[in-house]
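Engineer: next comes the sequence, and after it the predicted model I'd like to discuss.
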Amino acid sequence: MKFVHSADWQLGARFAQFGAKAHALREARVQTLRMAVDMAKRVEADAFLIAGDLFVDSQVDDTIVRTALGIFATAPGLPVFILPGNHDPYTGPGCLWERSVFANKPNNVTVLTQAGIYEAGGASLIASPLQQKVSTMDPSVKFAELAERVAADRIRIGITHGALAIPGKYQLNDFPISLDAATRANLDYVALGHWHNHQVYDNGRLIMSGTPEPDAFEQSGAGFVTLAEITRRGTTPILEQISMATLQWESFGFDFLDPEQSRLSLTAKLDQLRRRADKSVVRVTLRGGASASALDEERRWLESALEPFLVAQIQDDSSAMFTAAELEELRQQHPLLAQTILDLLQIEHLVHNIPLPPEVDTISAIPLTEAQQLLADAKIELSRLDGEFYRLAHRLLSQKLREVS
C-alpha cells in the first residue's frame, strides 16, 4: 500500500494582513495542491489522503470547492479521501460538505463524513472525522473498536485530526490525540492533521504531516506531504517527506543598534533570495531605538529593497529615540506624551541600570521617590517589570507618537 498523506491545505485562507497581495498566497495553495496530485499520479500512489482542513472554514465560496474538486478530477485513477477537520467540520445538514456542489464530485473522491471503515487500495482506512470545532475528546479513541472489524492480515490505516497530546504543548479542548494512538488500536499507520509542522511519533506510525504550503513565518517543518509505503500488515511504514511548497517564507531582522552592519547583512541575505523573489514571502522586523528621521530613512530603503519580492512585510518593533532638538519639539507639541516617555526611560534606568540617552536630562524626569510612590499605589513591583515590558511600552508609545505626528 503506497499513499500520499497530506493535511491542512486551508484553501481559501484570507491572509488579510497582506492586503491586496493575499490573492497570490491563496493561488499558491491551489498550485501546490495541483502539484501534489500530479506527484501522486507519477509515483502511482494507491490513495491520496487529506487528514482534515482541506478548506480554511465552512464559509468558503463554492468556486474554491469546485477548483479543488476539479484538481482531483484530473487523476481519475487516484482515490482521494477527504476528512473533515476542525476548520471544516462535518456538522450535518447545511454544512460545507452537504452543499450541492458535492453532488457532482468526481467518482474518485470520498468525503469521510462518518466514523467507519473505508476501502483504500490494499488497506482498510479507519476514519474518525471531526463534527465540531473544539472538543476535549481524543478522536483516535474510535479506532480500536472499528479495527476489530478488520481482517487480521489487512493493512490498517487510521485517519483523524487533532492536537498531539504533548504535555504543555496542547490545549485541552483541541482534540488531544494520544501519542500511542497507533499502538493502542493496533494500526499500521495513523494519518493526522492539525499542527502545521511535520512530526512523527509511536515508532514511526503516528504522523502529523504538516501543511504542504506554509502560512506563517518560522514554520521549519511545513511545506511537505508524506509519501508512505506499507509492504504488509505489521511492518513499519517507509516514510518520505516530499517537498511541495510553492512559496518560501523568510524572516529577517534589522537592529538600529548597528544600522550600517544591519543593512549590509540584510542586503546580502536578500541578494541570495532574489533569484526566487517571485516565490518569496519576506518579513523584516525593525528592532532597537531609532529617531524618527532614522526610522523613515531605513523604511524607505527597505521598501525599495523589498519591492522585487512577491509579498513583503515590514514589522516595526523599534522604539523612539530622540535628538535634543526632536525631544524639545516633542515637549512643545505633545508634552504629556513626552513626559510619559521620559518617565519610562528613567524607571528603566533606575531598575535595570539601562543608561539614559544623553538627550534626556534627569531634571525633566519624575523624581525617584515620586516614581516609587506611584508604583506602590498602583501595586506594581519594579522587579517584575522585565525587558519585555519596556520593549512593549516603548513600542506602544512610539506607535502613538507616529499617530499624532
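Structural biologist: Thanks, I have the structure now. Residues are numbered from 1 along each chain as shown.
Engineer: for the strand or helix carrying residue 268, name the packing helices and strands.
Structural biologist: Counting by DSSP states H and E, the element that carries residue 268 is helix 259-273. In terms of contact count using 3 or more C-beta pairs under 8 Å, 6 or more residues apart in numbering; DSSP states H and E, helix 259-273 is assigned the packing partners strand 248-255, strand 280-287, helix 292-305. The C-beta positions use only the backbone N, C-alpha and C, and glycine is treated the same way.
Engineer: most neighbours per residue, which of those?
Structural biologist: Of all the helices and strands packed on helix 259-273, strand 280-287 has the most neighbours on average by mean count of other C-beta atoms under 10 Å, namely a mean of 20.
Engineer: can you list the strands that the strand or helix carrying residue 117 pairs with?
Structural biologist: Residue 117 is part of strand 116-120, with elements assigned from DSSP H and E. Its sheet considered, strand 116-120 pairs with strand 123-127 (antiparallel) by DSSP bridges.
Engineer: contact partners of the strand holding residue 117?
Structural biologist: The contact list for strand 116-120 (C-beta atoms under 8 Å, 6 or more residues apart in numbering) reads 1, 3, 46-47, 49, 79, 81, 110, 112, 124-127, 146, 149-150, 157.
Engineer: which among those residues count as buried?
Structural biologist: Among those, the ones that count as buried by 16 or more other C-beta atoms under 10 Å are 1, 3, 46-47, 49, 79, 81, 110, 112, 124-127, 146, 150, 157.
Engineer: which two among those residues are spaced furthest apart?
Structural biologist: Greatest spatial distance in these: 46 and 146, 20.2 Å, computed using C-beta to C-beta.
Engineer: pull the distance from the strand holding residue 117 to the chain's centre.
Structural biologist: Strand 116-120 has its C-alpha centroid displaced from the chain centroid by 31 Å (C-alpha atoms, centre = their mean, to the nearest Å).
Engineer: mind listing what's buried along it?
Structural biologist: Buried residues in strand 116-120, counted by 16+ other C-beta under 10 Å: 118, 120.
Engineer: out of the buried ones among the contacts of strand 116-120, which is nearest to residue 252?
Structural biologist: Nearest to residue 252 among these, counting by C-beta to C-beta, is residue 49 at 35.7 Å.
Engineer: what residue is smack in the middle of the protein?
Structural biologist: Of all residues in the chain, the one closest to the mean position by C-alpha atoms, centre = their mean is residue 216, 4.1 Å from it.
Engineer: is it correct that that residue is in contact with residue 247?
Structural biologist: No - between residue 216 and residue 247 there is no contact under C-beta atoms under 8 Å: 11.7 Å.
Engineer: if we can go back for a sec, which of the contacts of strand 116-120 fall in helices?
Structural biologist: Counted as lying in helices by DSSP state H, out of those, are residue 146.
Engineer: any chance of the helices and strands packed on helix 259-273 in CSV, with mean pLDDT and distance to residue 403 too?
Structural biologist: Converted to CSV, these look like this (pLDDT from 0 to 100; distance: least, C-beta to C-beta, whole Å):
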stretch, mean pLDDT, distance to residue 403
strand 248-255, 96, 22
strand 280-287, 95, 17
helix 292-305, 91, 13
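Engineer: okay if I get the ones you listed as a markdown table plus distance to residue 172?
Structural biologist: Formatted as a markdown table, the helices and strands packed on helix 259-273 follow (distance: least, C-beta to C-beta, whole Å):
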| stretch | distance to residue 172 |
| --- | --- |
| strand 248-255 | 30 |
| strand 280-287 | 32 |
| helix 292-305 | 42 |
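Engineer: quick one: closest of these to residue 104.
Structural biologist: Closest approach to residue 104 among those (C-beta to C-beta): strand 280-287, 34.9 Å.
Engineer: in its sheet, which strands sit next to the closest one, and in what direction?
Structural biologist: strand 248-255 (parallel), strand 311-316 (parallel).
Engineer: quick one, the last one and helix 259-273 angle?
Structural biologist: Right, the one you point to is strand 311-316. Here strand 311-316 points in a direction 160 degrees away from that of helix 259-273 (axes from the mean of the first three to the mean of the last three C-alpha atoms, to 10 degrees).
Engineer: distance between strand 311-316 and the chain's centre?
Structural biologist: In terms of C-alpha atoms, centre = their mean, the centre of strand 311-316 is set 16 Å apart from its chain centre.
Engineer: which residues does it contact?
Structural biologist: 17-18, 21, 24-25, 280-286, 295, 299, 302-303, 306, 395, 398-399.
Engineer: quick one: average pLDDT of stretch 15-27?
Structural biologist: Across stretch 15-27, pLDDT averages out at 94.
Engineer: C-alpha coordinates for it, CSV please?
Structural biologist: The C-alpha coordinates for stretch 15-27 follow below in CSV (Å, rounded to 0.1, in the frame of the first residue of the first chain):
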residue,chain,number,x,y,z
PHE,A,15,-4.2,36.4,4.7
ALA,A,16,-5.8,39.7,5.5
GLN,A,17,-2.6,41.1,6.9
PHE,A,18,-1.1,41.1,3.4
GLY,A,19,-3.8,43.2,1.8
ALA,A,20,-4.0,43.1,-2.0
LYS,A,21,-1.1,40.6,-2.1
ALA,A,22,-3.3,38.0,-0.3
HIS,A,23,-4.6,36.7,-3.6
ALA,A,24,-1.1,35.5,-4.6
LEU,A,25,-0.9,33.4,-1.4
ARG,A,26,-4.3,31.9,-1.9
GLU,A,27,-3.3,31.0,-5.5
